[in-house]
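> Here is my input; please provide its structure:
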Amino acid sequence: MGRGTDSRSENGRISFPEPGSMTEEQTAVYNQIVAGPRQTLVGPLRAALHNPVLADRWQRLGQVLRFETCLPTRLNELAILVTAKRWNSPLEWAIHKADALRVGLDPAIAEAIRVGELPEFGDDDAAREIYEFARQLVKTADVDSATYAAIVERWGEVGAVELTAVVGYYSMVAMTLNVHRVPLPDGVEDNLPGANSALPEIPATKPVSG
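Next up, the predicted model:
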């Protein structure tokens, strides 16, 4: 399969295929992406499009995990923010912070995660449980039995499966953005402290007394 002529980003480590010079296969995947819920080609798919088969599978999986899980969208986005913070991914953070606030996540929760503080969840036990599950998973590649059980009790086994997949998928996204230096779109500010430095610690929640 031939490769299209690529436009090289000033800030990226690799070139990114552009619509006017894509191969037929790349164009087909690009058209699917911009016609879907994303409506634009941003982030890791710009790099993945070098392999249109990979980009196609990637965007299909991403659509499920971003838009079609059983978790409320604000909680799905909360898990993504924890993941973006852990892997120091400014682009993932910027995109998903905007999404999270738009769908109703408390701005104070997002800000606490951004600066490395423990959010005040108040009576929002569902958010606390999602945060702790995602925190443990990105830190240890596992979660303890109580944290797992809390997710299953509230969202069922499908919720535990989907939440694990969300954190894993967005870890892949963050690593792709970081390693290829995919630049932020125009008008998007990099305000995630600690990018390009050691991985941050994310504070653990305190057990809720019964």
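
> Can you point out the buried residues in the helix or strand Val29 falls within?
Applying DSSP states H and E as the criterion places Val29 in helix 24-35. The neighbour-count check on helix 24-35 (16 or more other C-beta atoms under 10 Å) flags 25-27, 29-30, 33 as buried. No exception for glycine: its C-beta is placed from N, CA and C like everyone else's.

> Stretch 55-67 too?
Under 16+ other C-beta under 10 Å, the buried positions of stretch 55-67 are 55-56, 58-59, 62, 65-66.

> circling back to that earlier point, lowest pLDDT pick from the buried residues of helix 24-35?
Of all the buried residues of helix 24-35, Ile33 has the smallest pLDDT value, namely 85.

> can you give me the strands in this structure?
6-8, 15-17 (DSSP state E).

> Can you list the helices and strands that the helix holding Val29 packs against?
helix 52-67 (3 or more C-beta pairs under 8 Å, 6 or more residues apart in numbering; DSSP states H and E).

> hang on, the earlier thing: would JSON lines of the buried residues of stretch 55-67 with distance to Trp93 be doable?
Shown next, in JSON lines, are those (distance: C-beta to C-beta, whole Å):
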{"residue": "Ala55", "distance to Trp93": "22"}
{"residue": "Asp56", "distance to Trp93": "26"}
{"residue": "Trp58", "distance to Trp93": "20"}
{"residue": "Gln59", "distance to Trp93": "20"}
{"residue": "Gly62", "distance to Trp93": "17"}
{"residue": "Leu65", "distance to Trp93": "17"}
{"residue": "Arg66", "distance to Trp93": "15"}
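
> and which of those is nearest to Pro17?
Ala55 (9.2 Å; C-beta to C-beta).

> My understanding was that the closest one contacts Leu45; is that so?
Yes: using C-beta atoms under 8 Å, Ala55 makes contact with Leu45 at a distance of 5.6 Å.

> shared neighbours of these two, which are they?
Counting by C-beta atoms under 8 Å, 6 or more residues apart in numbering, the shared contacts of Ala55 and Leu45 are Ile33.

> Can you give me the domain boundaries for this protein?
Following automatic domain parsing, the chain resolves into domains at 14-66, 72-180.

> dump the residue contacts of His180.
12-14, 44, 47.

> correction: Ser145
Contacts for Ser145 (C-beta under 8 Å, 6+ apart) come out as none.
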